Structure formats: C-alpha cells, structure tokens
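Q: Mind folding the following:
(one chain, ligands or ions: 2)
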Amino acid sequence: MAEQFDFTVIGSGPGGYVAAIRAAQLGMKVAVVEKWATFGGTCLNIGCIPSKALLYATELFEEAGHSFSQLGIDIPAPVLNLPQMMNHKTETVASNVNGVEYLFKKNKITAFRGIGSIAAPGKVLVTPQSGPTQTIETKNIVIATGSVSANLPGIEIDEKQIVTSTGAIALDKVPERMLVIGAGVIGLELGSVWNRLGSKVTVVEFLDRILPGMDSEAARQFQRMLQKQGFEFKLGQKVAGIDKQEDGSLKVRIEPAAGGNAEFLDVDVALVAIGRKPYTEGLGLEIVGVALDERGRVRTDAHYKTSVDGIYAIGDVIAGPMLAHKAEDEGIAVAEIIAGQAGHVNYGAIPSVVYTNPEIATVGKTEDELKAEGIDYKVGKFPFTANGRAKAMLATQGFVKILADVATDRVLGATIVGKNAGEMIHELTVLMEFSGAGEDLARTTHAHPTLSEAIREAALMLGDGAIHI
Ligand code: FAD
Ligand code: NAI
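A: Ligands and ions are numbered 1, 2, ... in the order given. Below is the predicted model:
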C-alpha cells in the first residue's frame, strides 16, 4: 500500500524546502520529491549561493589588486588560484545543501529521490533513476519545480564554451574574451566575476538600457561604473549567431535590434543570460488539467491553488519575480494556508539585489513605475560621496534614493546603489512593511559613522533637507 501524507512538495528549491519545513512545523506529515542528487534547487546548487561565493572571492581579489595600496597595505600583486576559488564555491554549496538535508531529518520530512509526476489529485508518482516507480498518496500537492535558463534559438549550449549560468560558475580557466548575452542580473553578476579575474567582457543587450525593471537613473549610473571597470556594452543589439572557429574561438554575429548591418566579434566563451522560464516538464499537468498561463507558468489564485483542487504551486514556476526569497515566502504562506491559517506574501515589499560592486538594491516601486501610474511622488536622494564612513571605506560610489507620496509622505519605493546596498535595503523594506513615512525614517537615530546614515539623509531630503549636503 502507498504511503499516506498530508503535504507533498515536488521540488526542493527555496520554495519547496521551506514549504516542507513550515508544513512539518504545523503538524503535517510531509514528503518532498527531488530529482537532483542534492536538495536546495537552483538557488543552493547552481544559483544564488555558488554565484555569491565567486562574487565575494573575486571582489576581494580585485580589491587586493587595486585599492589595498591606497589604504597603506602594500602587497605583491595577488595571484589567482582558480581551482581553490572553485573549491570555496563547492564547499559553500555542500555546506548549504547538507543543511537542508539536516533540516528535513530534524523535521521528520520524508524525502523521495526521483522525478515526481502527478497521476491524479492526491497521487504523486516518483520515478527514480533506477528501480521501481513509487506512489505517494497525499491530501495536498505543492508544485515547486522552479525554472531553467531560456534558450536563444539556433545557439546550442554545451556548458563549456557556450554556457548558461551553470557553466559560467564552473569554467576551469579565465576566458580572455567573454561575451555576455543579456544585461540582466545574471549577465552583470557573472560578467563581474570574470571581468575581475581578467576577462574582457562584452555585453550585448537587446534593449537600449541595462537591468530592465530597475530604476533607470540607477541603471544609467551603474552602466558607467561597470564601463570604468572594463565592461563594454552593445545596447540595442542582438546576437544573430555564434560559429565555432578552427582555432577554438567563437565568432559572434551581432545585429542592431532594429535591423541593419551586422558586426562580428571574436570571443572565447559566450554566456547566454536572457532570462529564465518556468519548468513543468514531465509533471503530467496536462493529464490532471492544471492550467498554465500564456508564459507557461502554472496559473494560481491568490492562495496558490491551481485550477485543480488539492494542487498548489509556488516559486519560479508561478507568476512574480524569480527570486529565492519570494519562493521561500510563498512556501511559508502555502503551508499556512493549507493548515487553515492566513498565510500571506506582501508583493509590494519584496527587495531585490544585484550583487555586483557596487551593489544595487531596490524595494517597492521605481520612479518609472510611479510616473506610469500617475502617482504624485517626491524624491529624497543622498550620495555616498557625502557620507563619512563611505569615504573611510573608499566606497563613495552610488546613492540612496527614496520615493514617497506627496500627500501622505508614505514611502513607496527605494533604490540604493552602493557598497552593502543589499544589506541596507532591509531598513526600507521593514519601513514599507509597516506603511512608514519618510519622516518616520528621518527622525530615527542612526549610528555614526555608518553607510546607513545615507538612508536617513535621503529621508531628510524628502522634507526640509539633509544635514550633510
Ligand atoms: P528551484 O530553486 O529552481 O528548485 C526547483 C527544484 O525542483 C529543483 O531542485 C529541481 O531539480 C526540482 N524539480 C523540478 N522538476 C521536478 C520533478 N518533476 N520532480 C522532482 N524534482 C523536480 N535569487 C535570489 O533571490 N538571489 C540571488 O542572489 C539569486 N541568484 C541567482 C543566481 C543564478 C545564477 C540563478 C540561475 C538564479 C539566481 N536566483 C537568485 C534565482 C533563484 O535561484 C530562484 O528564484 C529560486 O531558486 C527559485 O526557487 P524555486 O524553489 O521556485 O525553484
Ligand atoms: P533577466 O530577465 O534579469 O535579464 C535578461 C536580459 O536579457 C534582459 O535585459 C533582456 O532585455 C535581455 N535579453 C532578452 N533576450 C535577449 C536577446 N535575444 N539578446 C540580447 N538580450 C536579450 O534574466 P537573467 O539575467 O537571465 O536572470 C534570470 C532571473 O534569475 C532574474 O530575472 C532573476 O529573477 C534571477 N536572478 C536573481 C539574482 C539576484 O537576485 N541577485 C541573480 C541572478 C538571477
């Protein structure tokens, strides 16, 4: 007889594993089905965690080579030990994915290894690599199968020379010339990793700007900062083809997005980073009648229920930003909803961070969105050049920008470009979660000297003005 569960999650990424733990905490009997050898999904195995390990290591490598001498630390030029840097990445991943395995055991969650598919509401089949198919009977099913890289038609990925992010975090030598297709988050983060290690990075972007969706003023300034670091941008262009040459290099055909004459670029490695698409292959959704939307995402209602009773979906496979913390929060919410509680995610206050140097962090609305929505807003902006701690840290690039409603002073959104922006954005996230006003922030004492004082000064700029500018 098949084992009986209350709650079965297909996929153990940040959405799935967090949903499983929360459901177990709420007293449910929980199963997780995962087809990979390790838990943690894209984020822990091939996404957030390994990329941040490499971003951290390469940022220090770059600083050791460039800014240490200004601080009075004279050292010989740093020498790259790429295998050890990759070991650091691998060990970081291992420690995180083993952590998830430990948490499953601690919470008495049963893990099934294999490809999960839905035979009917209440019935999940698990097909392991070898051995017989297992059947799970379960009151509720949560689809948390995540996303995969989008392909560029006609360009074949080999993950060695023409790579997605998965190959780009595992190159065994620094490419002399690297092409990045797509000036989004992956392109700029992983482009930064290899640029810092010595690659000549050229980014081809279809649109006439980088980081679509982020504050356009921040994106413009950030583009200049990256150019100073050595990035070359070809905006309003698309890659029309890549040919392998006899000498082992790649010849890339680049065309203006609006049409026109092509140009050619020789590179050693090409990274395709043009977005990710929801992954639902092999789940059997068409058989049970789970509806998808026009972009192939599982359609859900506000309570994460799909078109079929007893089947839910969360994370990258449904609508919304493809972010690990969004998936996690949906995992908590769906477990609470199934347990009869009022699980909820505030989509208006989900921070988003690009982990480059400087970092870019945003929460809430951008200025472009407020303009498009016709909302009467005011801007409070403060540069890190006027912040004492930033000067001491040689980190004066960037600014804090806060947007607030003219009539009520309620904070509607914020963007920070600067060192540690990804940590600092949470002050604004908490403020927005509590529907705070610019004045609430402006009247809050901030420790001196900290980078966070720039946030308070930006809030003061929403009113009578900052002190230090
Ligand atoms: P996933 O993490 O994709 O997990 C899905 C899991 O389901 C996988 O383990 C997969 O093997 C499994 N699965 C799929 N189908 C089946 C099946 N039929 N049966 C069994 N198992 C199945 N986000 C951030 O917030 N911050 C970052 O810094 C960040 N960096 C990133 C860097 C890179 C290079 C990439 C690619 C992504 C990054 N992301 C980041 C995005 C983040 O990884 C995703 O938003 C997040 O992993 C989504 O979680 P998820 O649980 O929905 O799906
Ligand atoms: P993205 O959506 O961030 O950026 C893709 C870029 O490629 C866009 O600028 C788009 O205009 C461009 N593009 C699309 N088609 C193109 C073409 N044919 N030629 C040239 N340019 C083209 O997607 P990306 O960078 O692949 O990342 C996928 C997702 O992963 C992100 O949206 C994000 O949700 C998540 N992620 C998050 C990270 C973080 O939070 N720090 C880090 C990495 C990924």
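
Q: For the closest residue to Lys123 other than its chain neighbours, list the residues it contacts.
A: Closest residue in space to Lys123, ignoring its immediate chain neighbours: Glu137 at 6.1 Å, by C-beta to C-beta, 6 or more residues apart in numbering. Just so you know, the C-beta spots here come from the backbone N, C-alpha and C atoms, and that holds for glycine as well. Neighbour list for Glu137: Ala2, Glu3, Gln4, Phe5, Gly122, Lys123 [criterion: C-beta atoms under 8 Å, 6 or more residues apart in numbering].

Q: Give me the residues contacting the longest helix seen in the chain.
A: Longest among the helix segments of the chain by residue count, using DSSP state H, is helix 82-106. For helix 82-106, contacts defined as C-beta under 8 Å, 6+ apart pick out 12, 17, 20-21, 32, 38-40, 44-45, 49-50, 53-54, 57-58, 109, 111, 169-170, 172-174, 197.

Q: Show me how far it is from its chain's centre.
A: What separates the centre of helix 82-106 from the centre of its chain is 19 Å, taken as C-alpha atoms, centre = their mean, to the nearest Å.

Q: and that helix, does that touch ligand 1?
A: No: figure legend: helix 82-106 not in contact with ligand 1 (C-beta under 6 Å from any ligand atom); closest approach 9.9 Å.

Q: average pLDDT for that helix?
A: Average pLDDT, helix 82-106: 98.

Q: picking that back up, near ligand 1, list only the ones from the contacts of helix 82-106.
A: The residues of these that also fall near ligand 1, by C-beta under 6 Å from any ligand atom, are Ser12.

Q: Any residue of the helix or strand hosting Met225 touching ligand 2?
A: In this assignment (DSSP states H and E), Met225 forms part of helix 216-228. No: using C-beta under 6 Å from any ligand atom, helix 216-228 stays clear of ligand 2, coming no nearer than 9.9 Å.

Q: now the contacts of Glu137 in TSV, with pLDDT and distance to ligand 1?
A: Output for the contacts of Glu137, formatted as TSV (pLDDT from 0 to 100; distance: C-beta to the nearest ligand atom, whole Å):
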residue	pLDDT	distance to ligand 1
Ala2	78	17
Glu3	83	17
Gln4	95	20
Phe5	98	15
Gly122	97	17
Lys123	97	14
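
Q: Now the buried members of these.
A: Taking 16 or more other C-beta atoms under 10 Å as the criterion, what is buried in the contacts of Glu137 is Phe5, Gly122, Lys123.

Q: and of those residues, the nearest to Thr444?
A: Thr444 lies nearest to Phe5 out of these, by C-beta to C-beta, at 46.7 Å.

Q: returning to that earlier point: does the residue nearest to Lys123 count as helix, strand or coil?
A: Following DSSP: H, G, I helix; E, B strand; the rest coil, we place Glu137 in the strand state.

Q: bridging residues for it?
A: Gln4, Lys123 (DSSP bridges).

Q: thinking again about what came up before, want to try CSV for the contacts of Glu137, with distance to Arg220 as columns?
A: Formatted as CSV, the contacts of Glu137 follow (distance: C-beta to C-beta, whole Å):
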residue, distance to Arg220
Ala2, 58
Glu3, 56
Gln4, 57
Phe5, 51
Gly122, 53
Lys123, 53
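
Q: Over to the nearest residue to Arg276 once chain neighbours are set aside: give its phi and psi.
A: Once flanking residues are discounted, Arg276 sits nearest to Ser147: 4.1 Å by C-beta to C-beta, 6+ apart. Dihedral angles of Ser147 (phi, psi; degrees, to the nearest 10) stand at phi -140, psi 170.

Q: any idea how far the residue nearest the centre of the chain lies from ligand 1?
A: Note on the chain: the residue nearest the mean C-alpha position is Leu323, at 4.8 Å, using C-alpha atoms, centre = their mean. For Leu323, the distance to ligand 1 equals 4 Å [C-beta to the nearest ligand atom, to the nearest Å].

Q: one step back: and the longest helix of the chain, what's buried?
A: Buried positions in helix 82-106, judged by neighbour count with 16+ other C-beta under 10 Å: Met85, Met86, His88, Lys89, Thr92, Val93, Asn96, Val97, Val100, Glu101, Leu103, Phe104.

Q: then the following helix or strand past that helix to PDB, C-alphas only?
A: Using DSSP H and E, the helix or strand that follows helix 82-106 in sequence is strand 110-113. The C-alpha trace of strand 110-113 is given here as PDB (Å, rounded to 0.1, in the frame of the first residue of the first chain):
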ATOM      1  CA  THR A 110      10.400  12.000   4.100                       C
ATOM      2  CA  ALA A 111      12.500  12.600   1.000                       C
ATOM      3  CA  PHE A 112      11.900  10.700  -2.200                       C
ATOM      4  CA  ARG A 113      14.600  10.800  -4.900                       C
END
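
Q: now for strand 110-113, which elements pack on it?
A: Here strand 110-113 touches strand 30-34, going by 3 or more C-beta pairs under 8 Å, 6 or more residues apart in numbering; DSSP states H and E.

Q: What is the next helix or strand after the strand it packs on packed up against?
A: Next along the chain after strand 30-34, taking DSSP H and E as the criterion, comes helix 41-46. Contacts defined by 3+ C-beta pairs under 8 Å, 6+ apart place helix 41-46 against helix 14-25, helix 82-106.

Q: got those helices as CSV, with distance to Ile318 columns?
A: What follows is the helices and strands packed on helix 41-46, written out as CSV (distance: least, C-beta to C-beta, whole Å):
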stretch, distance to Ile318
helix 14-25, 9
helix 82-106, 21
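
Q: could you list every residue that touches the closest residue to Asp293 other than its chain neighbours?
A: Nearest non-adjacent residue to Asp293, counting by C-beta to C-beta, 6+ apart: Arg299, 4.9 Å away. The contact partners of Arg299, by C-beta under 8 Å, 6+ apart, come to Ala291, Leu292, Asp293, Thr306, Ser307, Ile318.

Q: Now do the helices in the stretch 251-400 of the chain.
A: Using DSSP state H, counting those that start in this stretch, the helices of the stretch 251-400 of the chain run over 285-288, 324-338, 367-373, 388-392.

Q: low pLDDT regions in this structure?
A: 1 (pLDDT under 70).

Q: Number of residues surrounding the closest residue to ligand 2 within it?
A: Nearest residue of the chain to ligand 2: Gly184, at 1.8 Å (C-beta to the nearest ligand atom). Using other C-beta atoms under 10 Å, Gly184 has 22 neighbouring residues.
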